[in-house]
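A.B. asks: Next input, structure requested:
(2 chains)
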There are 2 protein chains.
Amino acid sequence: MTSLEELIRLLKKLPGMGEKSATRLAYHLIKTDSAFNKALGDAISTLKEKIHPCPICGCYSEGDSCPYCSDAKRDHSILCVVEEAEDVVSIASSGVYNGLFHVLGGAINPMNGIGPDALRLKELRTRIQEGSFKEVIIATNPTEEGDTTALYIRQLLSSFPSLSLSRLASGIPIGGDLGYVDKMTLARSMRGRIKL
Amino acid sequence: MTSLEELIRLLKKLPGMGEKSATRLAYHLIKTDSAFNKALGDAISTLKEKIHPCPICGCYSEGDSCPYCSDAKRDHSILCVVEEAEDVVSIASSGVYNGLFHVLGGAINPMNGIGPDALRLKELRTRIQEGSFKEVIIATNPTEEGDTTALYIRQLLSSFPSLSLSRLASGIPIGGDLGYVDKMTLARSMRGRIKL
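C.D. replies: Below you'll find the predicted structure:
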């Protein structure tokens, strides 16, 4: 196998990359600058050595603690619980949330053998117990698994009566079209309707 | 900039890769096996050191000459002229051609400042002059630039009267639908119609 074929074989393993796109990308890389290829190659090779989960919140970080946990300007009394580390970036960049995060590492999914113990739920309880949180926002996905996980968290944290628990609203996305919205979303947005 | 942000910045420079797909890919790479990332990273970093144009035909090769030029089983009396090195792979893998190749490195495009001198046309003439080719198949793209280049090659090789010159047929693709074919293609396939 030539190095080009080997590169195409590896590229094809990436998500959303078929034979054609992998080949096109490989040929593109032959034509680009060597320095760019070197930089991209090194960034990919060394990524996992540099990045590891934050021991406190579980989001991706490079130092001892992540940019969120160590940021004194963030509100340390609110905690947002998400499924995946990438959700942290989405919520942080939306600009409407300034509290801390807790990454579960997935959602409860008995069909796939993911029980509560496989997630960072024990760590969540410990954080609530030892911290001084006033509010927990559950931002799991609006899916069956995310709903189950949200219910589980409500149960888990029921022994902290002073804690305010909420869940992200789900409904028709901004700029969405009623005609294209699925029934489940429509039902949810109807149930969660807001008084004007 | 963190290594993750740096990786996303580099990935975004690849063709067809926007902010969202670059981010998704970067997060995917965090989750995959370190060994895979190492292999992919190295394949990208070292690609250009290993691959260089074949001095004879101009296609990508790793050794001294490419797998086509050095293959004694191929018909050394037919030459297929293509625009880009990747076209060689497409034609070779179609299985209907068993001759040699010549990569031009593009097509004549005066609007973009690409004249005949920017392409490997002199090398083509020399190969024909010094070789023992009986037939030349011009496989430039069916575009204005490809047509211009094909005409230029016809002119260039007009001093070899014994040489048979042809051009790839262009028309409706197999499995295509007349209703979806553009007018230019339809006109070409009409002009190039084949007697039954």
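A.B. asks: ok, residues contacting the worst-scoring helix or strand of chain A on mean pLDDT?
C.D. replies: The weakest-scoring helix or strand in chain A, judged by mean pLDDT, DSSP states H and E, is helix A:183-191 (a mean of 80). Applying Cβ atoms under 8 Å, 6 or more residues apart in numbering or on different chains, the external contacts of helix A:183-191 come out as A:142, A:170-172, A:178, A:181. Backbone N, C-alpha and C define where each C-beta goes, glycine included.
A.B. asks: try 7 Å this time
C.D. replies: Applying Cβ atoms under 7 Å, 6 or more residues apart in numbering or on different chains, the contact partners of helix A:183-191 are A:142, A:170-172.
A.B. asks: Can you point out the buried residues in the strand ranked longest in chain A?
C.D. replies: The residue-count maximum for a strand in chain A (DSSP state E) belongs to strand A:75-82. Buried positions in strand A:75-82, judged by neighbour count with 16 or more other Cβ atoms under 10 Å in any protein chain shown: A:78-82.
A.B. asks: to the chain's geometric centre, what's the distance from the least confident helix or strand of chain A?
C.D. replies: Chain-centre distance of helix A:183-191: 23 Å, with Cα atoms, centre = their mean, to the nearest Å.
A.B. asks: do the same with stretch A:9-26
C.D. replies: 25 Å.
A.B. asks: same thing with stretch A:94-106?
C.D. replies: The answer for stretch A:94-106 is 8 Å, by Cα atoms, centre = their mean.
A.B. asks: That one: which residues count as buried?
C.D. replies: A:97, A:99-106.
A.B. asks: And chain B, is it touching that?
C.D. replies: No: using Cβ under 7 Å from any Cβ of the partner chain, stretch A:94-106 stays clear of chain B, coming no nearer than 10.6 Å.
A.B. asks: ok, and what's touching that stretch?
C.D. replies: So stretch A:94-106 is in contact with A:57-59, A:68-69, A:74-76, A:78-85, A:88, A:91, A:114, A:118-121, A:124, A:127, A:149, going by Cβ under 7 Å, 6+ apart.
A.B. asks: Dump the C-alpha coordinates for it into CSV.
C.D. replies: Written as CSV, here are the backbone C-alpha positions of stretch A:94-106 (Å, rounded to 0.1, in the frame of the first residue of the first chain):
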residue,chain,number,x,y,z
SER,A,94,-24.1,31.0,23.5
GLY,A,95,-23.3,33.8,26.0
VAL,A,96,-26.5,33.4,28.1
TYR,A,97,-24.9,31.2,30.8
ASN,A,98,-22.2,32.2,33.2
GLY,A,99,-22.1,29.4,35.7
LEU,A,100,-20.2,26.1,36.1
PHE,A,101,-20.6,22.8,34.2
HIS,A,102,-20.8,19.1,34.9
VAL,A,103,-20.3,16.6,32.1
LEU,A,104,-22.0,13.3,32.5
GLY,A,105,-20.3,11.6,29.6
GLY,A,106,-23.5,10.4,28.0
